[in-house]
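J.: my questions are about this predicted structure, shown below with the sequence.
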Amino acid sequence: MMVSVEALKGLERRMQVSVPASRVEQQVDKRLLNVSRTARIKGFRPGKAPIHVVRKHYGAQVREEVVSDLIRETFAEAVQREQLVPAGGPRIQPLATDKGGDLKYSATFEVYPRVEIAGIEGMELVRPKASVAASDVDAMIESLRKQRPNFVAVERASADGDRLTIDFEGRLDGEPFEGGKAQGHQFTLGAGRMLKDFEDGLRGAAAGETRTFDVAFPADYPAKNLAGRTAQFTVTVGAVDEVQLPAVDDDFCKAFGVDEGGVEALRTEVRENMERELAQAVRNRLKAQVMDKLLAANPLELPSVLVEQEIRDMQVEALRRMGARSTRQMPPREPFEANARRRVALGLLLNEAIRKAGIKLDATKVQARLDDLVSGFEDAAAAREQYTGNEGAMRQLQMMVLEDQVVDHIVGAARVTEQPATFKDIMNFGAEEASED
């Protein structure tokens, strides 16, 4: 077998392969002999037709099958001989397949880049150091109170923070429009979930009051028939409810699964959860630094076939999250490209780091991660069974654990400086509430 390799643009290679005619004919003869043992040909008993008759009836079909199989077989032999590692399937172009001649074809494909990882030894990292203070627990419990508010009907004029229950109908140029009418709609005044003109039109309204006012839709409003236009709304306020936060008592604790021990037990559980979240957030920050520094120290030329596959996977995942099924609703590829390139590059770098350090998958850590994943399900045993029965899910879980192992290895070899921080800084806790206020 003769093989020649030509470097094309970037990581693309074109390999030309020539397979001796003797090898082709040997495979054709062997396969025809096997066919002759069971062939049913008119005028002969099953398996008794002469080989030249079998060749006449089945020769073309058998040759086509042999050529296809030999291309697949010899391609694998050729890339191994040339020490090439294809990043994706080849584009095969047959050049000569005639009977009695050598089988010739070209295969065009991308190869993996050569990865010589640098920047691990002496990597400098910053680890935020923080603890959960009593004031952090207080703030978290206050946040829990806001998750379970009580609504009390009031007769006064509405103010920001009140929940309004309304019936409304909108009109454009005096005519009703689709989506412009609702009954029993509820929203919190001042929360910014409704258009500003709509909220302004209801501020100060009391239960039983009807108001009519104009609402200007912004030019970039999603509904094209409303974008940039002004509609007139007639709104009747059915109820104004004042928000009252619940007392932190035994009933409140039970609502969050703490049946015994009261408030102190709730605080203990809340603190433990916060400490776990804090530890994971610190780890995530270290991991992000490791990834950024690896990418900066190891620029790579990436196989386009891997990038495109990653983009496709991300598009499909986005489609699934949207609840859509038709590929016609597939989001465009461009917004995913940068992240896809990052993922592919990191995958190549981490694989080389794993190989270089001789890291093996820790089965104990896989089980620990699985325990953590299924603990959030009501039926943990059923969730575990479903996970372990899904080969793809388990493979993804193992990859996550192996990635954590290599990050631990890199952090262990790095120069780590601790930086004082607070729980609020690291967790960005309270930022949303501050922005709403």
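T.: Perfect, I can see it now. Keep in mind the model is a prediction, meaning the values are calculated, not measured. Numbers count the residues shown, from 1 in each chain.
J.: now the helix or strand harbouring Asp408: mean pLDDT?
T.: If you go by DSSP states H and E, Asp408 is part of helix 391-413. The pLDDT scores in helix 391-413 average 92.
J.: let me know the next secondary structure element after that helix.
T.: Downstream of helix 391-413 (by DSSP H and E), the next one is strand 415-420.
J.: next, the buried residues of the next helix or strand along the chain from that next one.
T.: Per DSSP H and E, the first helix or strand lying C-terminal to strand 415-420 is helix 423-427. Neighbour counts using 16 or more other C-beta atoms under 10 Å place Phe423, Ile426, Met427 of helix 423-427 among the buried residues. (Glycine included, C-beta is placed from N, CA and C.)
J.: could I get those residues as CSV with pLDDT?
T.: What follows is those, written out as CSV (pLDDT from 0 to 100):
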residue, pLDDT
Phe423, 94
Ile426, 93
Met427, 91
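J.: between these, which is nearest Gly192?
T.: Met427 (23.5 Å; C-beta to C-beta).
J.: show me what contacts that closest one?
T.: For Met427, the contact set (C-beta atoms under 8 Å, 6 or more residues apart in numbering) comprises Glu277, Leu278, Ala281.
J.: out of those, who's the most crowded?
T.: Leu278 (20 neighbours; other C-beta atoms under 10 Å).
J.: confirm that one sits in a helix?
T.: Yes. Applying DSSP: H, G, I helix; E, B strand; the rest coil, one finds Leu278 inside a helix.
J.: settle this for me: it is touching Ile426, isn't it.
T.: Yes. In terms of C-beta atoms under 8 Å, Leu278 counts as a neighbour of Ile426; the distance is 6.3 Å.
J.: what touches both of these two?
T.: In contact with both Leu278 and Ile426: Ala130, using C-beta under 8 Å, 6+ apart.
J.: am I right that Leu164 is in a helix?
T.: No. Read with three-state DSSP, Leu164 is strand and lies in no helix.
J.: just give the number of residues close to Val5.
T.: 16.
J.: quick one: contacts for Pro121?
T.: Pro isn't right for residue 121; it's Glu. Ala413.
J.: tell me the confidence at it?
T.: On the pLDDT scale, Glu121 gets 86.
J.: where does it sit: helix, strand or coil?
T.: Applying three-state DSSP: Glu121 is coil.
J.: phi, psi for Tyr105 please.
T.: Dihedral angles of Tyr105 (phi, psi; degrees, to the nearest 10) stand at phi -150, psi 160.
J.: tell me the contacts of the nearest residue to it once chain neighbours are set aside?
T.: Leaving aside its sequence neighbours, Tyr105 sits nearest to Pro94 (C-beta to C-beta, 6 or more residues apart in numbering; 4.9 Å). Shown in contact with Pro94 (C-beta under 8 Å, 6+ apart): Val67, Ile71, Lys104, Tyr105.
J.: what do you get for Ala227?
T.: Phe217, Pro218, Ala219, Asp220, Tyr221.
J.: wasn't the third one part of a helix?
T.: Which is Ala219. No. Counting by three-state DSSP, Ala219 falls outside a helix, being coil.
J.: which residue packs closest to it, ignoring adjacent ones?
T.: Nearest non-adjacent residue to Ala219 (C-beta to C-beta, 6+ apart): Gly228, at 4.4 Å.
J.: and that neighbour, how many neighbours?
T.: 11.
J.: may I see the buried residues of stretch 191-202?
T.: Quick answer for stretch 191-202 (16+ other C-beta under 10 Å): Met194, Leu195, Phe198, Glu199, Gly201, Leu202.
J.: format these as a markdown table; extra columns: distance to Lys99 and pLDDT.
T.: As requested, the buried residues of stretch 191-202 are arranged in a markdown table below (distance: C-beta to C-beta, whole Å; pLDDT from 0 to 100):
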| residue | distance to Lys99 | pLDDT |
| --- | --- | --- |
| Met194 | 77 | 93 |
| Leu195 | 76 | 95 |
| Phe198 | 80 | 97 |
| Glu199 | 82 | 96 |
| Gly201 | 85 | 96 |
| Leu202 | 86 | 96 |
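J.: in the residues you listed, find the pair that's most separated.
T.: Leu195 and Leu202 (11.1 Å).
J.: returning to what we had before: just the buried residues of stretch 191-202: which are in strands?
T.: Using DSSP state E, no member of the buried residues of stretch 191-202 sits in strands.
J.: let me see the domain layout of this structure.
T.: Per automatic domain parsing, the structural domains of the chain span 2-110, 124-134+283-436, 150-244.
J.: is it possible to get TSV of those that adds distance to Phe252?
T.: Output for these, formatted as TSV (distance: least, C-beta to C-beta, whole Å):
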stretch	distance to Phe252
domain 2-110	57
domain 124-134+283-436	18
domain 150-244	11
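J.: relative to Ile141, which of these is closest?
T.: Among the domains of the chain, domain 124-134+283-436 sits nearest to Ile141 (C-beta to C-beta), with 10.7 Å.
J.: roughly how far out does the closest one sit from the chain middle?
T.: Here domain 124-134+283-436 shows a centroid-to-chain-centroid distance of 10 Å under the convention C-alpha atoms, centre = their mean, to the nearest Å.
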